[in-house]
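In: One predicted model, sequence on top.
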Amino acid sequence: MELFLMTLVTGIMVGGIYALVALGWVLIYKCSGVLNLAMGELTLIGAYVTLTFYEMGMPFIAAVACTMVVGVILGYLTERIFLDKLIGEPILAVIMVTVGLSFFFRGMISFIWGTDTRVFEPPVFALKPITIGFIQVSPVYLWSFILSIVLLIIFVAFFKYTRWGLAMQATADDETAALSLGISARFVYSAAWAIAFISAGVGGALLGNINGINISIGYLGLLVLPAVVLGGLNSVPGAIVGGIIIGILQNLSGTYLDAYFPGGVKEIMPFAFMTVFLLFKPYGLWGWERIERV
Amino acid sequence: MSSVWLPCGVYHETYEQDQGWWQTNFIKFKMILLLAVVFIGIPLFAPEYWIGVATMVGYTAMGALGVQLLIGYTGLITLGHAAFIAVGAYTSTLLVLQFPWPSWMVEAGLAYPTSIVVAAIVAGLWSVLFGLPSAKVKGFYLILTTMAAQFITVDFILTQYISKIGGRGQAFSLPPGTIKFGPIVVDTEREIYYLMAVFVTLMVIVLANLLRSRVGRAWVAIRDNDIAAETLGINVVWYKLLAFFVAGVMGGVAGAFWVSNTAALSPEHFPWFWSLWLVGVILIGGVGSIHGAIFGSVFMVIIMELLQLAVLPLADYYPKLLIDFAFLKESAFGLAICAFLIYEPNGLAYRWWQIKNYFNLWPFSY
């Protein structure tokens, strides 16, 4: 029972990070209709940029803040250079441009930072587990969870209450109507990409603290895709719930199923679960069911 | 309406003529010339190294044709085709290595050909299994289920279970002389090349024939509008699964062929990167045409070889370049996909069509 609770809590905490990255994904999709397959690479970029700033001697929080600034710049440039020209193109073209971007980013990352596993040195978080009630949690997970939740709240508040957030919501809802109200769609698209880079970057930095940074962080970033599909592609609460579900599923299968399989269950489980889940709910939990007409 | 430009004054009078393979003598001559170059010219006159490159082109084309069928003709976007190639390769290898073949079959060189047939069927069925969600889900949701096929098949089943059969560790290796095609032992570059050329030619013929039949028209109808196709009486689920099966069979043959080329097999030969690469190849070549798959393979493989040749002399001065080259290659490939999608969304096949038309109409371009 104790083991189960501990696994569950760790799962929820890792899930918080996935939820943060998933939010960035859903924002891009809602605002500009781009299905982004480069999310894994965005998390990688975030992780490495944070590491670079951290090794320059900055405190971790300051390094994360600098990563956010870099993320905004990169997001703006990516949208302006690559995605801007593809508005209204068929879905395959848009998806494949993001695949092309992911190749480009991954190649560049390996070229600049190499392929060896790097760790945050000195460690950012203490190694001694914290005891809450009767559950022991490693501080990395706890602080990552808290930081993700804070950022999630900030993003959601940004959407609900600020002028820019409302502009983004309007564009997501009905682009033509938003344009007629004087909202600049180009600004909204760039903002969505900037936010995606921020959320993926912070997510990557936090994931990098857990197991060190190498190319497999990109794979963890890819786990965001089953998360958003579980929640439904265009639902913000869906992304958050989906992220947490994936986190829990991954940890539970790692704890309980590893004994029965030779290994690798933890990595595969989210995808296997998602495939089966889609057979029963083809639009995820809260995705819009498109009614198609000829 | 056939897509061939006919000379002035030549008309088709029947549907058979319109759908014919050789519509004019010029086309017949051109295709025979092409076959002669592929089957006689390249193996006789090309140096060994470039024959190896041509084999690689063929292997890419075999995978790309399956992807082209799914994406370009049926509209089912797949990002997991390497999984089916892997299933083909592993089935063939395991059969050759582990199956208790009767000794007369081994001596007659039938073991490998039989294993190719079985590999093709197994890969096709495996592909249908992961195509089942396409009955319900569409678009991005379907893309993710094909991605799941890749991770489940290659990263889990093949790496964790199949690779451990026989206790050989991670990689299977085929002893020399096991790959026999009838009396011929396939072990030199030239023999592998011929095997590749035969397979690619057969696949193109089969695919082209399927596409101009009832099945092909049903696939194209589903691609263009699946609801309209359903109202026309096309059994959408059946034809989608058939597309997955045929694409899987092609992948299986490609995988079984790959075994003869490398003589060793490990799950690293079929990464997710390779699935994406195949989709990139057809995008650069042109979606929705068989030419596209071939052009894309030729273009991508040869460009990468040329880049490699350009880099090799520099490596003496800057040794790290050879390691970093792989990453730069990846980046260049990514940028190439983006550039093609933005500036030439119809791919090389469309450019080829335009050039042909220019010469068909030359010198009076009206």
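Out: That came in fine, so what should we check first? A quick note: this is a predicted structure, and the numbers were derived from the prediction, not measured.
In: For A:Arg290, the count of nearby residues, please.
Out: The tally of other residues near A:Arg290 (other CB atoms under 10 Å in any protein chain shown) stands at 9. Any C-beta I mention is one placed from the backbone N, CA and C, and that applies to glycine too.
In: can you give me the end-to-end distance of stretch B:179-190?
Out: From its first residue to its last, stretch B:179-190 covers 14 Å (CA to CA, to the nearest Å).
In: Please work out which residues outside that stretch touch it.
Out: Identification of contacts with stretch B:179-190 by CB atoms under 8 Å, 6 or more residues apart in numbering or on different chains yields B:43, B:48, B:51-52, B:55, B:96, B:106, B:108-113, B:176-177, B:191-192, B:195, B:259-260, B:263.
In: Ok, stretch A:230-237 next?
Out: Contacts for stretch A:230-237 (CB under 8 Å, 6+ apart): A:22-23, A:26-27, A:29-30, A:35, A:156, A:159, A:172, A:238-243, A:245-246, A:273-274, A:277, A:283-288, B:140-141.
In: so for it, what's the average pLDDT?
Out: The average pLDDT within stretch A:230-237 is 83.
In: cool, stretch B:355-366 as well?
Out: 75.
In: Do a quick rundown of the strands in the chain.
Out: Since you didn't name a chain, this refers to chain A. Applying DSSP state E to chain A gives strands spanning A:130-132, A:135-137.
In: The intended chain is chain B.
Out: When secondary structure is read from DSSP E, chain B shows strands at B:172-173, B:180-181, B:184-185, B:264-265.
In: Counting by contacts, list what the first one packs against.
Out: Secondary-structure packing of strand B:172-173 (3 or more CB pairs under 8 Å, 6 or more residues apart in numbering or on different chains; DSSP states H and E): helix B:81-98, strand B:264-265.
In: ok, residue 50 - contacts?
Out: No chain specified, so I'll use chain A. Contacts here follow CB under 8 Å, 6+ apart; on that basis A:Thr50 touches A:60, A:63-64, A:66-67, A:201, A:204-205, A:208.
In: was after chain B, sorry
Out: Contacts for B:Trp50 (CB under 8 Å, 6+ apart) come out as B:Ile42.
In: pLDDT score for it?
Out: 90.
In: Would you check how far apart A:Trp193 and chain B are?
Out: Here the criterion is CB to the nearest CB, to the nearest Å. By it, A:Trp193 lies 15 Å from chain B.
In: re earlier: want to throw the strands of chain B into JSON lines with mean pLDDT?
Out: Putting these into JSON lines (pLDDT from 0 to 100) gives the following:
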{"stretch": "strand B:172-173", "mean pLDDT": "78"}
{"stretch": "strand B:180-181", "mean pLDDT": "78"}
{"stretch": "strand B:184-185", "mean pLDDT": "79"}
{"stretch": "strand B:264-265", "mean pLDDT": "81"}
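In: what would the ones you listed look like in TSV with mean neighbour count?
Out: Converted to TSV, the strands of chain B look like this (neighbours: other CB atoms under 10 Å in any protein chain shown):
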stretch	mean neighbour count
strand B:172-173	18
strand B:180-181	19
strand B:184-185	14
strand B:264-265	19
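In: Show me the one of the ones you listed that comes nearest A:Val97.
Out: Proximity of those to A:Val97 was assessed by CB to CB; the nearest stretch is strand B:264-265, lying at 33.1 Å.
In: So which elements touch that closest one?
Out: Counting contacts by 3+ CB pairs under 8 Å, 6+ apart, strand B:264-265 packs against helix B:81-98, strand B:172-173.
In: Check the offset of it from the chain's centre.
Out: Strand B:264-265 has its average C-alpha position 19 Å from the chain's average C-alpha position, going by CA atoms, centre = their mean, to the nearest Å.
In: Note down every partner strand of it and its orientation.
Out: Strand B:264-265 pairs in its sheet with strand B:172-173 (antiparallel), by DSSP bridges.
In: Nearest residue to A:Ile195 in space, please, no chain neighbours.
Out: A:Leu27 (5.5 Å; CB to CB, 6 or more residues apart in numbering or on different chains).
In: Output stretch A:185-203 as CSV, restricted to C-alpha atoms.
Out: Below are the C-alpha coordinates for stretch A:185-203, written out as CSV (Å, rounded to 0.1, in the frame of the first residue of the first chain):
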residue,chain,number,x,y,z
ALA,A,185,-3.4,36.7,-36.0
ARG,A,186,0.3,36.8,-36.7
PHE,A,187,0.9,38.1,-33.2
VAL,A,188,-1.2,35.3,-31.7
TYR,A,189,0.6,32.6,-33.6
SER,A,190,4.0,33.9,-32.5
ALA,A,191,2.8,34.2,-29.0
ALA,A,192,1.6,30.6,-29.0
TRP,A,193,4.9,29.3,-30.2
ALA,A,194,6.8,31.5,-27.7
ILE,A,195,4.6,30.0,-24.9
ALA,A,196,5.2,26.5,-26.2
PHE,A,197,9.0,27.1,-26.2
ILE,A,198,8.7,28.4,-22.7
SER,A,199,6.7,25.6,-21.3
ALA,A,200,8.7,22.9,-23.1
GLY,A,201,11.9,24.5,-22.0
VAL,A,202,11.0,24.7,-18.4
GLY,A,203,9.7,21.1,-18.6
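In: Let me see the mean pLDDT of it.
Out: Stretch A:185-203 comes out at a mean pLDDT of 88.
In: which residues in the stretch 51-200 of chain B form helices?
Out: Secondary structure of the stretch 51-200 of chain B (DSSP state H, counting those that start in this stretch): helices at B:81-98, B:103-107, B:111-131, B:139-150, B:189-211.
In: Make TSV from the ones you listed and add distance to A:Phe82, mean pLDDT and mean neighbour count to it.
Out: Shown next, in TSV, are these (distance: least, CB to CB, whole Å; pLDDT from 0 to 100; neighbours: other CB atoms under 10 Å in any protein chain shown):
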stretch	distance to A:Phe82	mean pLDDT	mean neighbour count
helix B:81-98	24	90	27
helix B:103-107	54	79	11
helix B:111-131	30	92	22
helix B:139-150	19	86	23
helix B:189-211	32	91	18
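In: Columns distance to B:Leu348 on top of those helices, output as TSV?
Out: Listed next are the helices of the stretch 51-200 of chain B as TSV, based on distance: least, CB to CB, whole Å:
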stretch	distance to B:Leu348
helix B:81-98	20
helix B:103-107	43
helix B:111-131	27
helix B:139-150	24
helix B:189-211	17
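In: Contacting chain A as well, which ones from the contacts of stretch B:179-190?
Out: Checking those against chain A by CB under 8 Å from any CB of the partner chain, not one of them is in range.
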